[in-house]
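got a sequence here, can you build the structure:
(2 chains)
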Amino acid sequence: MTAIPDSKAPTATHVLEARELAFEYRPGRPVLRGVSFAAAAGRLMCVLGPNGSGKTTLLRCLLGQLKPAAGQLLLDGRDVGRYSPRGLARLLGYVPQFPQSAFAFTVQELVLMGRFAHTGVMGLATEQDLAITRLAMQMTGCQEFADRTMEELSGGEAQCVMIARALAQQPALMLLDEPTSHLDMKNQLMIYKMMTRLAHDWQMAVLCVSHDINVAAQHADELMLMRNGQVLAHGKPQDVIRKDTLEELYGVQIELIDSGREVPLVVAR
Amino acid sequence: MSQDECKPPDLNVTAASTGDAAAAAPRTATSSSWPGTGGTLTTRTLLTYLFVLAGATLAVLLLCSLFGQVSIWTEGVWELRLKRLANAALVGAALSSAGMALQGMLRNPLAEPYILGVSSGAGIGVMLSFVVAGMLHVGNFLSWLSMPVLAMAGALATSAAVYAIAQRRGRLDPYVLLLSGVIVNAFNGAIMLTLYLILPEKQIANFATWAMGYISESTGPGLFIFALLAVLTGWGGLLMRGASFNMLGLGDDVAASGGVHVHYLRAETFVLVSLMTAAAVALSGPIGFVGLIVPHICRSIVGPDHRRLALVCGFAGAMLVMIGDTICNTITPWIGVGILPVGILMALSGGPFFIYLLRKRRARVEA
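Predicted coordinates:
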């Protein structure tokens, strides 16, 4: 498969690096404490943790919407807060939990919007922009419904469009916020396979916040478990999925069932 | 226009060929076959739109100048009529593109300068300028200078207030926004009535015609030039932000991650909308619903792209208000009133339209 030519290939080994990251909405009540991790190109990393563990806050810090109280957050070796919105968009693509489109744009027009940060102020597309849009749609299977609007799509298809749109930004890092939380099993699997392809075939760093522990564990290269704003464990799925760790993480009785693969299935009691 | 402009770029798989049930569903606003609405927007398409619409607007201006109560061959009538129609065109262009920008920025099809209270805020400014003009006895110079400045200040203050009331952590609820518009409108109405009480007697007639949305031919050159500059600045600025408005439809987070400076865009849009609304209100008084009706009609014809919409809305608004004003002026003798202000015609037709949109929107939310 031909990869989308990167306008700015990341120079650092790690596309994203967080060092001792801390954040608090109110003084004295930290939401993130000493979070350190790195996301490398070519790897799918899933962030898991109970509600209120700081996953969303971390994501908002990564998007540059929140400013960390302490620590560093380096994207391609440079602090996230120092990027302009356009500069950040050329390195980081974001897929939201719930796709929405308030105006009746077609899928093709929506994916083309991913080129915003690469075009002039009017956002008029060049041949190259159109070619990249086409590639992004092929990659995600969106060309089949390129002329439809979001209202006419299923939840899975709509999420593919959002991934294609982010892909058209040619990012080095792809950020997904629970992209499968409202999808059925088939679409869930499809999205995870797509994320794996983005990481392995397109050499992107893919970071996905998730609640589907089993699907994530089967597909991810790395899992990061978060609890109370701290990293509880981080590593390969087979090293992280352990009864004691997960019981500490979720505060429930956990049973691991041998699935015949490297990573066992997790069932809560 | 070359053929490849109209055809979507190299996407051979159409929805119909998938055989999916959803593919057979009727297409929404995008099914329009107007030139340049199907494929990718290019500079050439935009320029074509610009020239065609500018020509059409000019034609409407000349055509409208033929109609009226007095024959155009009467000495000086044609010039006066052209002057009035130019004012009408500015008012229409300002209100329609301001409405389009508010609808795009707030992702709310019911947003409009009049409904959100921006117009009434500018109105307070205009009234203050009447009071100032009446008290200082300085004559025309200060009144045309103070009117646009005060109208602009009033519009900006009201936009800021409505936004501050409706937003919660940077997010806007569409219904809360409409409600804050209603509240601010009522509040501004009370201020206006208070000002009315202290208004010098000789200014009351001025105020009365202005408050009904009457486009006059006796605008001072200073006010006209201010309005012209304000409308061109605002319109051009909004046109440049068309691509950003398109992105905002995907939600604030996605738009921001795609390279849109969302907070800056909101502030910029409110300033431009206030500027244009102030110009329109100073010229003609508060005319409602133009900013609501025109963007809707335009969107249903040329599709949702705000770069195209900004261009089309401005011209369409100019044409609508010119035609409306000409109708008002022509039918006035038959209905036996001195002057029928165009604002009344717009409110009479716009009110039912607003209710229709509100019900349609609610039906869709509940479905």
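
any stretches of the chain with poor pLDDT?
Here I'm looking at chain A. Scanning chain A for pLDDT under 70 picks out the ranges A:1-13.

actually chain B
In chain B, residues with pLDDT under 70: B:1-39, B:136-144, B:170, B:336-338, B:361-367.

show me where it has its helices.
For chain B, helices defined by DSSP state H occupy the ranges B:43-64, B:77-106, B:118-136, B:140-166, B:174-198, B:204-211, B:221-240, B:242-248, B:252-257, B:262-284, B:290-302, B:306-335, B:342-366.

before we move on, what about the stretch 1-150 of chain A?
When assigned using DSSP state H, counting those that start in this stretch, the helices of the stretch 1-150 of chain A occupy the ranges A:55-62, A:85-89, A:107-112, A:127-140.

pick the most buried one from those helices.
helix A:107-112 (a mean of 27; mean count of other Cβ atoms under 10 Å in any protein chain shown). (Each C-beta comes from the backbone N, C-alpha and C, glycine too.)

quick one: check it for contact with chain B.
Yes - Helix A:107-112 lies within reach of chain B by Cβ under 8 Å from any Cβ of the partner chain, at A:108, A:109, A:110, A:112.

so who does the third one touch?
Residue A:110 makes contact with A:101, A:150, A:161, A:165, B:250 under the criterion Cβ atoms under 8 Å, 6 or more residues apart in numbering or on different chains.

smallest gap between the stretch 101-250 of chain B and chain A, at which residue?
Per Cβ to the nearest Cβ, the residue of the stretch 101-250 of chain B with the smallest distance to chain A is residue B:243, at 3.0 Å.

quick check: that residue touching residue A:122?
Yes - counting by Cβ atoms under 8 Å, residue A:122 is a contact partner of residue B:243 at 5.9 Å.

still on that earlier bit, possible to save the helices of chain B as TSV with distance to residue A:225?
Formatted as TSV, those follow (distance: least, Cβ to Cβ, whole Å):
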stretch	distance to residue A:225
helix B:43-64	51
helix B:77-106	39
helix B:118-136	50
helix B:140-166	39
helix B:174-198	38
helix B:204-211	65
helix B:221-240	46
helix B:242-248	34
helix B:252-257	24
helix B:262-284	32
helix B:290-302	47
helix B:306-335	43
helix B:342-366	39
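
in TSV: these, plus mean neighbour count.
Shown next, in TSV, are those (neighbours: other Cβ atoms under 10 Å in any protein chain shown):
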stretch	mean neighbour count
helix B:43-64	15
helix B:77-106	26
helix B:118-136	24
helix B:140-166	20
helix B:174-198	16
helix B:204-211	16
helix B:221-240	19
helix B:242-248	26
helix B:252-257	23
helix B:262-284	25
helix B:290-302	24
helix B:306-335	23
helix B:342-366	15
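
residue A:73: which of these is closest?
Nearest of the helices of chain B to residue A:73, taken as Cβ to Cβ: helix B:252-257 at 15.1 Å.

distance from that closest one to the middle of the chain?
26 Å (Cα atoms, centre = their mean, to the nearest Å).

state the distance from the closest residue in space to residue A:257 that isn't next to it in sequence to chain B.
With Cβ to Cβ, 6 or more residues apart in numbering or on different chains as the criterion, residue A:257 has its nearest non-adjacent residue at 4.4 Å, and that residue is residue A:265. Distance of residue A:265 to chain B, computed by Cβ to the nearest Cβ, to the nearest Å: 33 Å.

again, but for residue A:193
Distance, residue A:193 to chain B, using Cβ to the nearest Cβ: 21 Å.

so what's that residue up against?
Contacts of residue A:193 (Cβ under 8 Å, 6+ apart): residue A:219.

does it sit in a helix or strand, and which one?
Per DSSP states H and E, residue A:193 falls inside helix A:185-200.

can you give me the buried ones in that helix?
A:187, A:188, A:189, A:190, A:191, A:192, A:194, A:195, A:196, A:197, A:198, A:199 (16 or more other Cβ atoms under 10 Å in any protein chain shown).

residue contacts, the second one?
Counting by Cβ under 8 Å, 6+ apart, residue A:188 makes contact with A:180, A:212, A:215.

what is the burial count for residue A:229?
By the criterion of other Cβ atoms under 10 Å in any protein chain shown, residue A:229 has 23 neighbours.

burial count for residue A:31?
When neighbours are counted by other Cβ under 10 Å, residue A:31 registers 20.

next: residue A:250.
Applying other Cβ under 10 Å, I find that residue A:250 has 18 neighbouring residues.

that one is in contact with residue A:52, isn't it?
No - the criterion here is Cβ under 8 Å, and residue A:250 misses it with residue A:52 at 12.0 Å.

related to what we said a few turns ago, now render the buried residues of helix A:185-200 as CSV, adding distance to residue B:56.
CSV is the format used below for those (distance: Cβ to Cβ, whole Å):
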residue, distance to residue B:56
A:187, 48
A:188, 52
A:189, 54
A:190, 49
A:191, 48
A:192, 53
A:194, 47
A:195, 50
A:196, 54
A:197, 50
A:198, 48
A:199, 53
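
residue contacts, the closest residue in space to residue B:226 that isn't next to it in sequence?
Distance criterion Cβ to Cβ, 6+ apart; nearest residue to residue B:226, sequence neighbours excluded, is residue B:148 at 4.5 Å. Going by Cβ under 8 Å, 6+ apart, residue B:148 touches B:223, B:226, B:227, B:230, B:278, B:279, B:282.

OK, contacts around the last one?
In this case it means residue B:282. B:122, B:125, B:126, B:147, B:148, B:151, B:223, B:226, B:227.

closest to residue B:53 among those?
residue B:227 (19.9 Å).

wait, isn't that closest one in contact with residue B:279?
Yes - contact criterion Cβ under 8 Å: residue B:227 and residue B:279 qualify, at 4.0 Å.

intersection of neighbour lists for those two?
B:90, B:94, B:148.

how many residues are close by residue A:159?
Residue A:159, neighbours per other Cβ under 10 Å, totals 27.

quick check: it vs chain B, distance?
Counting by Cβ to the nearest Cβ - residue A:159 and chain B are separated by 12 Å.

what's the answer for residue A:83, then?
Distance of residue A:83 to chain B, computed by Cβ to the nearest Cβ: 10 Å.

mind listing what that residue touches?
Here residue A:83 is in contact with A:64, A:75, A:91 (Cβ under 8 Å, 6+ apart).

10 Å instead, please
By Cβ atoms under 10 Å, 6 or more residues apart in numbering or on different chains, the contact set of residue A:83 is A:64, A:75, A:76, A:89, A:90, A:91, A:92.

ok, now residue B:326?
Applying Cβ under 10 Å, 6+ apart, the residues near residue B:326 are B:60-61, B:63-68, B:81, B:84-85, B:88, B:342.

one more pass at 7 Å, please.
The neighbours of residue B:326, taking Cβ atoms under 7 Å, 6 or more residues apart in numbering or on different chains as the test, are B:64, B:67.

next one: the one 5 residues further on
Residue B:331 makes contact with residue B:340 under the criterion Cβ under 7 Å, 6+ apart.

mind listing what's buried in stretch A:18-30?
A:18, A:21, A:22, A:23, A:24, A:30.

just give the nearest non-adjacent residue to the fifth one, would you?
Right, residue A:24. Closest to residue A:24 by Cβ to Cβ, 6+ apart is residue A:30, at 4.6 Å.

quickly note the distance from that neighbour to chain B.
On the measure of Cβ to the nearest Cβ, residue A:30 and chain B end up 20 Å apart.

hang on, that residue packs against residue A:71?
No - with contacts counted by Cβ atoms under 7 Å, residue A:30 stays clear of residue A:71, the gap being 11.4 Å.

need the overlap of contacts for these two.
With Cβ under 7 Å, 6+ apart as the test, residue A:30 and residue A:71 both reach residue A:22.

now the closest residue to chain B within the stretch 151-269 of chain A: phi and psi?
Closest contact between the stretch 151-269 of chain A and chain B, by Cβ to the nearest Cβ, is at residue A:152 (5.3 Å). Backbone dihedrals for residue A:152, given as degrees, to the nearest 10, come out at phi -90, psi 10.
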